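Peer 1: Following is a predicted model, sequence given first.
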Amino acid sequence: NPLMCTCDLRWFSIWLKNLQDKDDDIMSKKRT
């Protein structure tokens with residue numbers, strides 16, 4: 001089902017973005 005694939009990809013990109021945001025958060029906390 002192509003729709004499933006698109007959903008997964010979208011979820012994955014959202015998850016990746018959240019992961020990067022968290023990493024940035026951790027990094028700035030370490031810097032401070």
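Peer 2: Good, I have the coordinates. Numbering: from 1, shown residues only.
Peer 1: Show me the helices in the chain, by range?
Peer 2: For the chain, applying DSSP state H gives helices covering 2-31.
Peer 1: Sketch out the low-pLDDT regions of it for me.
Peer 2: Applying pLDDT under 70 to the chain picks out residues 1-5, 32.
Peer 1: Can you tell me which residue is spatially central in it?
Peer 2: Closest to where the C-alpha atoms of the chain average out (C-alpha atoms, centre = their mean) is residue 16, at 2.2 Å.
Peer 1: Roughly how far does that residue sit from residue 7?
Peer 2: Counting by C-beta to C-beta, to the nearest Å, the gap from residue 16 to residue 7 is 15 Å. From N, CA and C alone the C-beta is placed, and that goes for glycine too.
Peer 1: Over to residue 30?
Peer 2: For residue 30, the distance to residue 7 - C-beta to C-beta - is 35 Å.
Peer 1: higher neighbour count, the two?
Peer 2: More crowded of residue 30 and residue 7, by other C-beta atoms under 10 Å: residue 7, with 11 against 7.
Peer 1: Now do the more buried one against residue 19, distance only.
Peer 2: 18 Å.
Peer 1: Ok, residue 12 next?
Peer 2: 10 Å.
Peer 1: what's the neighbour count on residue 21?
Peer 2: Neighbours of residue 21 under the rule other C-beta under 10 Å: 10.
Peer 1: swap that for residue 20, sorry
Peer 2: Neighbour tally, residue 20, other C-beta under 10 Å: 10.
Peer 1: Let me know the distance separating it from residue 26.
Peer 2: Counting by C-beta to C-beta, the gap from residue 20 to residue 26 is 11 Å.
Peer 1: Ok, residue 9 next?
Peer 2: 26 Å.
Peer 1: same check, this time on residue 18
Peer 2: 13 Å.
Peer 1: same deal with residue 19?
Peer 2: Taken as C-beta to C-beta, the span from residue 19 to residue 26 is 11 Å.
Peer 1: for stretch 7-26, the distance to its chain's centre please.
Peer 2: 0 Å (C-alpha atoms, centre = their mean, to the nearest Å).
Peer 1: With stretch 15-32 instead?
Peer 2: On C-alpha atoms, centre = their mean, the centre of stretch 15-32 falls 10 Å from that of its chain.
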